[in-house]
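> Sequence plus the predicted model coming up.
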Amino acid sequence: MKLFALSDLHVGYAENRWAIARMTPRPDDWLILAGDLGETEEHLLYVLDTLGPRFKQLVWVPGNHELYALPRERGVPRGRDRYDRLVALCRSRGVITPEDPYVLWEGEGGPHVLAPLFLLYDYSFRPAGVPEGGAVAWAMESGVLCTDEELLDPSPYESRPAWCRARLAETEARLAAIQEHPTVLINHFPLREELVRLWRIPRFSIWCGTRRTHDWHTRFRARVVVSGHLHIPRTDWIDGVRFEEVSFGYPRQRPGHRTVDSCVREILPGPVRSASLGA
């Protein structure tokens, strides 16, 4: 039994739905879905109902796109209520979520505690001279504005950073209670700023995580940290911990020959290497 991961399926694109429908079954293995499966409940259920029968267990964390309240969707839950609704849908399919007790992985490479997280971002991936309240304006100076500013409602919190801070406090307490085993930390957004390498749109960084998680990989004894969001799949090693970006991404970002099977990343047991930051 192995543990795999994939994120950013964006099944609102027909090409991506076609690819997911042809994914090879691995009925003895677990699959992490690290967010941005799509923008609607229908997208989420499509992925869960397509991939659930092909794996022994699914583990899900939300991305920013799952939390969108699209203009055409009237009367749908927003903000935290929307997140709670998605958690309920996942549970109805037997999928593990950030709101469930952390589970002990005892397959190949185990034992490890699997910790699915929902942390958001707080605009702290910005220069020291830019205040939090000026971060969006700073990004817009370079022509960059994330769709989250229009579609990701933070209610009942006053802002997305406020929601992020609430999630950080709750999650830190849960992770600190893990005593015996190493962990696999699973979050849609990267946990460290230097992993955000967006050469064409560098100021998009403010929507990519929080500095509050900079030391979580060592503080909470992680062996592997899984994330998506960047649409730049790669492996990095920091302090002997493996960081996996596991995005599938938009059709225009992939070579035509690249299949979803080739994008699925083995998390455990995975490769063994201890090195400084590098691909």
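Perfect, I can see it now.

> my read: Phe118 touches Cys90, true?
No - assessed by Cβ atoms under 8 Å, Phe118 is found out of contact with Cys90, at 11.7 Å. Backbone N, C-alpha and C define where each C-beta goes, glycine included.

> OK, contacts around Cys164?
Contacts for Cys164 (Cβ atoms under 8 Å, 6 or more residues apart in numbering) come out as Leu119, Leu120, Tyr121, Asp122, Thr210.

> Please, which helix or strand holds the closest residue to the fourth one other than its chain neighbours?
What that stands for is Asp122. Once flanking residues are discounted, Asp122 sits nearest to Pro161: 3.9 Å by Cβ to Cβ, 6 or more residues apart in numbering. Per DSSP states H and E, Pro161 falls inside helix 160-176.

> Buried ones in that helix, by neighbour count?
Neighbour counts over helix 160-176 (16 or more other Cβ atoms under 10 Å) mark Arg160, Pro161, Trp163, Cys164, Arg165, Arg167, Leu168, Thr171, Glu172, Leu175 as buried.

> and that helix, C-alpha only, in CSV?
Output of helix 160-176 as CSV, limited to C-alpha atoms (Å, rounded to 0.1, in the frame of the first residue of the first chain):
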residue,chain,number,x,y,z
ARG,A,160,-8.9,36.2,4.3
PRO,A,161,-5.9,36.9,6.5
ALA,A,162,-8.2,36.9,9.6
TRP,A,163,-9.6,33.5,8.5
CYS,A,164,-6.0,32.3,8.0
ARG,A,165,-5.0,33.4,11.5
ALA,A,166,-7.9,31.5,13.0
ARG,A,167,-7.0,28.4,11.0
LEU,A,168,-3.3,28.7,12.1
ALA,A,169,-4.2,28.8,15.8
GLU,A,170,-6.5,25.9,15.6
THR,A,171,-4.1,23.8,13.5
GLU,A,172,-1.0,24.5,15.6
ALA,A,173,-2.8,23.1,18.6
ARG,A,174,-3.8,20.0,16.8
LEU,A,175,-0.3,19.3,15.4
ALA,A,176,1.4,20.0,18.8
